Structures are given as C-alpha cells and as structure tokens.
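Participant: the sequence isn't on hand, but the structure is:
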Ligand SMILES: Nc1ncnc2c1ncn2[C@@H]1O[C@H](COP(=O)(O)OP(=O)(O)OP(=O)(O)O)[C@@H](O)[C@H]1O
Ligand SMILES: [Mg+2]
C-alpha cells in the first residue's frame with residue numbers, strides 16, 4: 001500500500017483588494033497535482049521559484065487551505081482531518097522549513113524547540129523529556145550541551161540540524177524537506193544531506209525533498225517530479241529523468257547543472273544552446289496556447305510527461 005497518495009490537489013489563494021476587500025482573483029499556486037509515495041521512498045520535487053513546491057508541501061501538512069483534491073495517508077483519506085493539531089496524522093508527517101531561521105523561535109532554547117512537538121503529543125516527565133532531546137541531538141550529530149542555547153548562537157548548518165532533530169522527534173513516517181540545504185555553503189550542504197540519508201535509513205523515513213536544483217537531488221531521490229506553472233510536467237525514476245528527459249522544461253533544468261568535467265565543457269555548451277533554441281522556437285509543442293501545461297501521459301511504466 002502506498003504511504004501517501006495525492007489526488008488532483010489544487011490550492012488557489014484568494015487575492016483581495018478594492019475598498020470592500022473583496023476577492024478579486026485567485027493565484028493558482030497548485031493546480032491539479034497527483035502522485036504517490038511508497039514507505040521509505042525519497043521523491044524529489046523540483047522546479048523554479050514560484051511554481052508551487054512549498055504550497056504542495058504545506059497542503060500535505062494541512063498548513064494551507066486545500067481548494068480541491070484528496071490526500072490519502074496509509075490508505076486513509078485525511079483531507080479533512082489534516083488541520084486538526086493532535087490527529088495521529090500530524091504526528092506521522094513533519095516538515096523542515098525552507099527558511100529555517102524564521103521557523104525556529106528566537107526566544108526559545110534549543111531544548112524547548114525540539115521538545116515542542118513531544119509536549120503536544122506525549123506526556124513525558126521533565127527528565128524523560130531531557131533524555132529524549134539529548135538523544136535527538138545525538139542523532140543529528142550535536143552535543144547535549146547545546147540544549148540550553150538559543151538559535152542565533154548557531155551557524156546555518158547547525159540550525160538546519162536542529163530543525164531536523166525537531167522534525168524527527170515524534171518518529172514520523174514522512175518528512176517534507178523544503179529546500180533543506182539551499183541556504184547553506186556547499187561544504188555544509190553535503191554534511192546535512194548525509195545526516196538526512198543516515199536518519200532515513202535508521203528510521204525508515206520517506207522524504208518529499210523539495211529543491212530548485214536538480215544537481216542537489218541527483219543522488220538522493222528514487223523518483224523525481226518536475227513542477228512548472230503549478231503542475232507536474234514530468235514524473236519518473238531519477239534514471240529516466242536524467243538520462244531521457246522528455247519535456248523541454250526538464251531538459252533545460254538538466255542542461256543548467258554546472259559542468260564538473262572540463263573536457264565536456266564545449267559539448268555541454270553546444271547542447272545547452274540547442275535546448276535553448278528548441279525552447280524559444282518550439283515552445284508550442286510543449287505548452288498550450290495560454291502557456292499552461294498538458295496533462296501527464298505515460299511514456300513507459302515509470303515515466304510520465306505532460307505532452308499533447
Ligand atoms: N499565502 C499566499 N497568498 C497568496 N499567494 C501565495 C501565498 N503563498 C504562495 N503564494 C503564491 O503561490 C505561488 C507558489 O508559491 P510557492 O511558495 O509554493 O512556490 P515555490 O515553488 O515554493 O517557490 P520558491 O522556490 O521560491 O520557494 C507563488 O506565485 C506565490 O506567490
Ligand atoms: Mg518554496
């Protein structure tokens with residue numbers, strides 16, 4: 001049984017204005033997204049800024065209003081109950097936020113930040129709680145002595161690990177990791193990614209791993225969903241997407257990954273130019289007249305693309 005099924009999810013934000021503050025129009029942040037995830041799987045959700053990645057993640061956690069669609073977790077339709085703070089579902093799914101600094105309360109000590117979800121769901125004695133927090137800090141490679149410090153006393157990478165410790169405090173089955181390393185230096189990115197992978201193996205976690213950078217997710221994700229204009233333009237295994245991209249938008253994302261091999265630089269630059277030409281001259285092959293994307297159609301067993 002799949003761990004998570006998202007069916008035709010739509011999130012339209014009302015934009016109000018005028019003297020009467022009436023709804024004037026809607027921003028279609030997510031406009032018909034469907035996918036499934038197996039337990040323990042990592043699914044990469046990739047796309048440019050504003051395409052609807054964070055909104056998709058927030059909808060799964062019940063942090064924004066779902067306009068229509070359905071979310072099924074472990075076989076149970078939880079679309080209506082995601083908003084309830086103490087539902088068991090809220091324990092099973094956690095989020096690591098894109099902007100980690102603002103998601104850690106600056107006035108709280110690390111131990112209170114990490115213990116917050118535990119306090120919401122479990123009745124531990126102060127001593128048991130302290131032990132659990134120290135254990136969680138250990139899992140993300142931090143010393144128990146940091147528990148009494150405040151978020152501003154840490155570097156970006158350390159803060160991200162504190163966010164991770166909080167996210168795993170209730171032993172969730174799914175973590176929505178929203179750009180967990182984008183704000184970090186390259187050297188620290190690798191370190192945080194390694195923690196994410198180690199913890200995943202230890203706890204059997206599934207990740208919905210959000211990123212705008214296909215390079216970062218290359219080694220982490222079994223499956224990839226490429227998002228553009230509030231919808232998926234391509235979905236498939238990482239091998240299919242990297243080796244055989246079918247949508248022009250995916251091709252452009254792959255061509256944009258920096259070259260590591262200097263001998264292939266010319267070849268890659270030629271390919272990049274060809275793809276940019278195709279994007280400029282044959283756009284109507286890939287997008288509808290109004291610029292929106294087509295429904296996904298199946299290319300092979302595990303590869304779907306939005307083409308007419
Ligand atoms: N609370 C909101 N009210 C109105 N519009 C919103 C709200 N939140 C997001 N949007 C809009 O919805 C669209 C999708 O936003 P979202 O944050 O999901 O994008 P994203 O893919 O995560 O982008 P980024 O890579 O920059 O984080 C954007 O056009 C954004 O302006
Ligand atoms: Mg975002």
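Facilitator: All right, it came through fine. Predicted model, so just to flag it, every value in this text is computed and none were measured. Ligands and ions are numbered 1, 2, ... in the order given.
Participant: give the buried residues for stretch 290-301.
Facilitator: Within stretch 290-301, the residues that qualify as buried by neighbour count (16 or more other CB atoms under 10 Å) are 293, 296. Backbone N, C-alpha and C define where each C-beta goes, glycine included.
Participant: an error on my part: the question was meant for stretch 217-231.
Facilitator: The neighbour-count criterion (16+ other CB under 10 Å) identifies 217, 220, 221, 223, 224, 225, 226, 227, 228, 229, 230, 231 as the buried residues of stretch 217-231.
Participant: so for it, mean pLDDT?
Facilitator: Per-region confidence: stretch 217-231 scores 91 on mean pLDDT.
Participant: what about the residue most central in space within the chain, which SS state?
Facilitator: The residue lying closest to the centre of the chain (CA atoms, centre = their mean) is residue 210, at 2.8 Å. When the structure is split into helix, strand and coil by DSSP: H, G, I helix; E, B strand; the rest coil, residue 210 lands in strand.
Participant: what is the residue in the stretch 201-308 of the chain that ligand 2 sits nearest to paired to in the beta sheet?
Facilitator: In the stretch 201-308 of the chain, the residue that lies nearest ligand 2 is residue 210 (6.7 Å; CB to the ion). Counting by DSSP bridges, residue 210 forms beta bridges with residue 45, residue 178.
Participant: any idea how far stretch 19-38 is from the middle of the chain?
Facilitator: Shown here is stretch 19-38, whose average C-alpha point lies 18 Å from the average C-alpha point of the whole chain (CA atoms, centre = their mean, to the nearest Å).
Participant: what comes into contact with that stretch?
Facilitator: Contacts of stretch 19-38 with the rest of the structure, by CB atoms under 8 Å, 6 or more residues apart in numbering, involve 2-18, 43, 52, 55-56, 59, 69, 174, 206, 208, 225, 227, 229-232, 235.
Participant: strands - which of those residues land there?
Facilitator: When DSSP state E defines the strands, the subset of the contacts of stretch 19-38 inside them is 4-17, 43, 69, 174, 206, 208, 225, 227, 231-232, 235.
Participant: quick revisit: now, of the contacts of stretch 19-38, which are buried?
Facilitator: For those, a burial check counting by 16+ other CB under 10 Å picks out 2-7, 9-12, 43, 52, 55-56, 59, 69, 174, 206, 208, 225, 227, 229-232, 235.
Participant: out of those, who's near ligand 1?
Facilitator: Subset of the buried ones among the contacts of stretch 19-38 in contact with ligand 1: 52, 55, counting by CB under 6 Å from any ligand atom.
Participant: might one say that residue 101 is in contact with residue 151?
Facilitator: Yes. With contact defined as CB atoms under 8 Å, residue 101 counts as touching residue 151 (6.9 Å).
Participant: identify the contacts common to the two.
Facilitator: By the contact definition CB under 8 Å, 6+ apart, residue 101 and residue 151 are jointly contacted by residue 159.
Participant: out of the two, which sits in the busier spot?
Facilitator: Between residue 101 and residue 151, counted using other CB atoms under 10 Å, residue 151 has the larger neighbour count: 21 against 15.
Participant: which residues touch that one?
Facilitator: Neighbour list for residue 151: 101, 104, 105, 106, 108, 110, 113, 159, 162 [criterion: CB under 8 Å, 6+ apart].
Participant: any idea which of these is least confident?
Facilitator: Note: of these, the lowest pLDDT belongs to residue 101, at 73.
Participant: where do the strands sit along the stretch 101-250 of the chain?
Facilitator: Taking DSSP state E, counting those that start in this stretch to define them, one finds strands in the stretch 101-250 of the chain at 174-178, 206-211, 223-228, 231-237.
Participant: adjacent strands (with direction) for the last one?
Facilitator: Spelled out, it's strand 231-237. Its sheet considered, strand 231-237 pairs with strand 223-228 (antiparallel), strand 303-306 (antiparallel) by DSSP bridges.
Participant: list the buried residues in the shortest one.
Facilitator: Going back to what we said before, that points to strand 303-306. 303, 304, 305, 306.
Participant: next, format these as CSV and append pLDDT and distance to residue 133.
Facilitator: Output for these, formatted as CSV (pLDDT from 0 to 100; distance: CB to CB, whole Å):
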residue, pLDDT, distance to residue 133
303, 96, 44
304, 97, 43
305, 96, 46
306, 96, 45
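Participant: of all these, which comes closest to ligand 1?
Facilitator: Out of the buried residues of strand 303-306, the one with the shortest distance to ligand 1 is residue 306. That distance is 16.9 Å, counting by CB to the nearest ligand atom.
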